[in-house]
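[1] A predicted structure for the sequence below; I have some questions about it.
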Amino acid sequence: MTRFSPALLDEIRDRLPISQVIGRRVQWDRRKSNAARGDYWACCPFHGEKTASFHCEDRKGRYHCFGCGVTGDHFRFLTELEGLSFPEAVERLAAEAGVALPAPDSGQAQRDAERIGHLAVMEMAAAWFEERLQAAEGARARAYLRERAILPATQKVFRLGYAPENRNALKEHLAARGVTREAMEACGLLVHGPDIPVSFDRFRDRLMFPIENAQGKVIAFGGRAMSADAQAKYLNSPETGLFHKSDVLFNLARARRAARDKGEAIAVEGYIDVIALHQAGIAHTVAPLGTALTENQLALLWRMAAEPVLCFDGDPAGQKAAWRAIDMLLPQLAPGRTARFALLPAGQDPDDLVRAEGGEAMRAVIAEAVPLSEMLWRRETATASFDTPEKRAGLEARLRGIGATIRDDAIRRHYLQDFARRLAGLFGAAPAAARRTPPGAKSPASRLSPSPNLLASPLVTRRSARMPLREAVLVATVANHPAILRIGFEEFAELGLANAAAARLQKAILATFAELEAEGRDCDAAGLRERLVATGAGELLDQADRQLRDARIWQGLPDAAFEDALGGWRQAVSLQLRARQLRRELEAAEAALAADDSEANLDRLVEIRNEIARSDGIEALIDGFGLSSGRPARSF
């Protein structure tokens, strides 16, 4: 039986307004908050933001952020934000609320004492490994760290150490300090068993990486072999009472604090990658422990950021790991809870990239991370042709099956919409999945249609047979000034255009550019247009050009100077990215309102829709626009 009964926890919650607990860490937005009703808004303490999307309500004793999706009560706030254990959070709030806690039962007291003792053993082992790294026997490990450019100061931050080759060195050191063999075995420091007459040190001749829990206490070790003949290059502690590998992320305690400031979390594949990025100023980085990311580790990442970046090595193994991560992520998706994917250059891991090109190169890779939906599409279309009806039908069937794995109804609906749009762009016509209704199933209109709230928003009501003007600018400017692709190819390829005609023209431009490059020919505007006409996309370009002329957006037309065309295009890209962010926020707000039709959720939805309307009506101003073309102007 747990020491803290539900009734006890409810009494603490009732006596202590949640706004009092949270108010010590945030500044309430006075304009949006209503203290008389116990209704408060603030900028979220879990992720960086400039507008107040974090809400707490004393009546319910709950908080929720409409930006990053975190939610919880008094106790969860302290465990997630301050890194307290649950018992520590209960004890602190009980004292504050004046609630007496029951004494722990004898069994619990013994377990707690045993845990504290084991943590002390792990701390002794970590300190001893640190000492051995600086001793003569640690010379080879220190040389390895110099080769990897890991500075002495960074080694101290991560408490790196060395396990000597001797089979009994750690065992004898701990025994001399009164640690029993049973405690060493329970901590996973010794290899033991019925077929092993005398237990011995698990880690020998290895560079040691202490693994800490969320409170920064050492609970396990990872060891890298210094000898090329070792059976395993990396060796982790076994499962113990302190350590469950699937529930832990390397560097979690340090990275969580940094992620809170940055509003972002990065997951890489190895210990050295984490340490190298930390040293390069990317401190909000963690790693799983030598295995694929687990659901529990993903939950830890989502507590750090709503959209963590999963970074994979640029080799076939890294790509396969990314593919596996997609399948693990999909069932867990929820509004405000997703991921982006960053793939490094071929043959490089984060440590290689940072040593070769510096931290800015890694930041650029992170900045170019693509959404989960885009990564999924790339996986399903990367290695196959779709030149027959059977192959196209196979792709549709796979996407339907993938969509079915998404548990959240709203997320599933939007993914199916995204699949239908992409299939239409790929095949040049509405896919069969959007036209055919299996017996007993809902019609495509109900399965793939936007919600009523989204249909009413300016993002949708303004659409027609014409391309949205911003998307017309994005594709026509590049077609008329293809040199932009040499500067912003990745930006153009990942615009996430919502209009099927604009997306089709974008795809045709990318394909034509690739063809001309493969032929060793420069891609100029005339050559690009000629190829587009030959492939049937010329009419789409003419349509986009007409829209630019009608709207007097001359910066995207052929006679504009390149500097003006590039400047206008970059501004359009910025506006497009903001529109995509607003769409995501709108979807999250709609889902929140559908789950709880509270006044706060309705206010948040109205606020986002108003921001969309304001964004749609505001012209982007660029100082000096048009000087290169001899047409000075300020409005885009």
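    Arrived safely, thanks for sending.
[2] how many neighbours does G61 have?
    20 (other CB atoms under 10 Å). For every residue, glycine as well, the C-beta is placed using N, CA and C.
[3] can you check A369 too?
    Neighbours of A369 using other CB under 10 Å come to 21.
[4] was I right to think it contacts A342?
    Yes. Shown here, A369 and A342 form a contact pair, counting by CB atoms under 8 Å, at 3.9 Å.
[5] so where do the helices sit in the stretch 501-636 of the chain?
    If DSSP state H, counting those that start in this stretch is used as the criterion, the helices of the stretch 501-636 of the chain fall at 525-534, 538-550, 562-595, 599-617.
[6] deepest in the core, which of those is it.
    Among the helices of the stretch 501-636 of the chain, helix 562-595 has the highest mean neighbour count (mean count of other CB atoms under 10 Å), at a mean of 19.
[7] pick out the residue nearest the middle of this protein.
    P308 (1.5 Å; CA atoms, centre = their mean).
[8] contact partners for that residue?
    Applying CB atoms under 8 Å, 6 or more residues apart in numbering to P308 gives the contacts 264-267, 301-302, 339-340.
[9] where do the domain boundaries of this structure fall?
    Here the domain parsing of the chain from automatic domain parsing is 6-97, 106-243, 252-377, 388-449, 469-629.
[10] could you dump those into a markdown table and include mean pLDDT?
    Shown next, in a markdown table, are these (pLDDT from 0 to 100):
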| stretch | mean pLDDT |
| --- | --- |
| domain 6-97 | 88 |
| domain 106-243 | 93 |
| domain 252-377 | 90 |
| domain 388-449 | 73 |
| domain 469-629 | 78 |
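[11] need the winner for burial among these.
    Counting by mean count of other CB under 10 Å, domain 252-377 has the highest mean neighbour count of the domains of the chain, with a mean of 20.
[12] and the end-to-end length of that domain?
    Terminal residues of domain 252-377 lie 31 Å apart, using CA to CA, to the nearest Å.
[13] against D273, how distant is the closest residue to A356 other than its chain neighbours?
    Excluding the flanking residues, the one nearest A356 by CB to CB, 6 or more residues apart in numbering is Q348, at 7.5 Å. In this view, Q348 and D273 are 11 Å apart by CB to CB, to the nearest Å.
[14] same thing with G401?
    33 Å.
[15] what's the answer for A232, then?
    As judged by CB to CB, A232 and D273 stand 19 Å apart.
[16] gap between the two ends of stretch 396-415?
    13 Å.
[17] what residue in the protein is the furthest from its centre?
    Note on the chain: the largest C-alpha distance from the chain mean falls to P197, namely 47.8 Å (CA atoms, centre = their mean).
[18] strand partners of the host helix or strand of that one, parallel vs antiparallel please.
    In this assignment (DSSP states H and E), P197 forms part of strand 196-201. Next to strand 196-201 in the sheet, as set by DSSP bridges, lie strand 190-193 (antiparallel).
[19] output the strand holding P197 as CSV - backbone C-alpha positions only.
    Extracted C-alpha coordinates of strand 196-201, given in CSV (Å, rounded to 0.1, in the frame of the first residue of the first chain):
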residue,chain,number,x,y,z
ILE,A,196,30.8,-17.6,-11.0
PRO,A,197,32.7,-18.7,-7.9
VAL,A,198,34.2,-15.3,-7.1
SER,A,199,32.5,-12.0,-8.3
PHE,A,200,34.7,-9.5,-10.1
ASP,A,201,34.5,-5.9,-11.5
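[20] am I right that T291 is in contact with L249?
    No. Assessed by CB under 8 Å, T291 is found out of contact with L249, at 11.6 Å.
[21] okay, D73 and Y63: tell me how far apart.
    Counting by CB to CB, the gap from D73 to Y63 is 8 Å.
[22] now, which of the contacts of P308 lie within strands?
    Among these, the ones falling in strands (DSSP state E) are 266-267, 340.
[23] make JSON lines from those residues and add distance to A393 to it.
    Shown next, in JSON lines, are these (distance: CB to CB, whole Å):
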{"residue": "I266", "distance to A393": "39"}
{"residue": "A267", "distance to A393": "36"}
{"residue": "R340", "distance to A393": "30"}
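[24] closest to N168 among those?
    Using CB to CB, A267 is the member of the ones in strands among the contacts of P308 that lies nearest N168, at 37.2 Å.
[25] in three-state terms, label the residue nearest to the closest one when sequence neighbours are not counted for me.
    Excluding its sequence neighbours, the residue lying closest to A267 (CB to CB, 6+ apart) is L310, at 5.1 Å. At L310 the chain is in strand, as set by DSSP: H, G, I helix; E, B strand; the rest coil.
[26] tell me who's in contact with L310.
    Counting by CB under 8 Å, 6+ apart, L310 makes contact with 267, 293, 322, 325, 339-342.
[27] hang on, the earlier thing: can you say which of the helices of the stretch 501-636 of the chain is nearest to L207?
    The closest of these to L207 is helix 562-595. By CB to CB, the value is 41.8 Å.
[28] TSV for the contacts of P308, including distance to Q134?
    TSV is the format used below for the contacts of P308 (distance: CB to CB, whole Å):
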residue	distance to Q134
E264	35
A265	32
I266	30
A267	31
L301	34
W302	38
A339	39
R340	40
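[29] thinking again about what came up before, can I assume the residue nearest to A356 sits in a strand?
    No. Per three-state DSSP, Q348 lies outside any strand segment and is coil.
[30] tell me the SS of the closest residue to A500 other than its chain neighbours?
    Residue nearest to A500 in three dimensions, not counting chain neighbours: A424, with 5.2 Å by CB to CB, 6+ apart. Classification of A424 using three-state DSSP returns helix.
[31] and the gap between A424 and L485?
    24 Å.
[32] who are the packing partners of the helix or strand hosting F492?
    According to DSSP H and E, F492 maps onto helix 485-493. Helices and strands touching helix 485-493, by 3 or more CB pairs under 8 Å, 6 or more residues apart in numbering; DSSP states H and E, are helix 469-480, helix 500-518, helix 562-595.
[33] now stretch 228-235 - C-alpha only, CSV.
    The C-alpha trace of stretch 228-235 is given here as CSV (Å, rounded to 0.1, in the frame of the first residue of the first chain):
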residue,chain,number,x,y,z
ALA,A,228,40.2,-3.0,-29.7
ASP,A,229,39.9,-6.7,-28.7
ALA,A,230,37.1,-6.1,-26.2
GLN,A,231,34.0,-8.2,-26.8
ALA,A,232,31.7,-5.1,-26.6
LYS,A,233,32.8,-1.6,-27.5
TYR,A,234,30.2,-0.1,-25.1
LEU,A,235,28.9,-1.7,-21.9
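[34] coming back round to it: mutual contacts of D73 and Y63, please.
    Each of I18 lies in contact with both D73 and Y63 under the rule CB under 8 Å, 6+ apart.
[35] where do the strands sit along the stretch 1-150 of the chain?
    All strands of the stretch 1-150 of the chain, identified by DSSP state E, counting those that start in this stretch, fall at 39-42, 54-57, 62-65, 71-72.
[36] partners of the last one in the sheet?
    Right, the one you point to is strand 71-72. Partners of strand 71-72 in the sheet, by DSSP bridges, are strand 62-65 (antiparallel).
[37] residues in contact with the partner strand?
    Residues outside strand 62-65 that contact it (CB under 8 Å, 6+ apart): 18, 22, 44, 46-47, 53-57, 70-73, 77, 336, 592.
[38] and stretch 166-184, how far from the chain's centre?
    Centroid separation for stretch 166-184 versus its chain: 42 Å, with CA atoms, centre = their mean, to the nearest Å.
[39] also stretch 109-120?
    Stretch 109-120 has its C-alpha centroid displaced from the chain centroid by 35 Å (CA atoms, centre = their mean).
[40] how about stretch 55-62?
    How far stretch 55-62 lies from its chain's middle: 27 Å, per CA atoms, centre = their mean.
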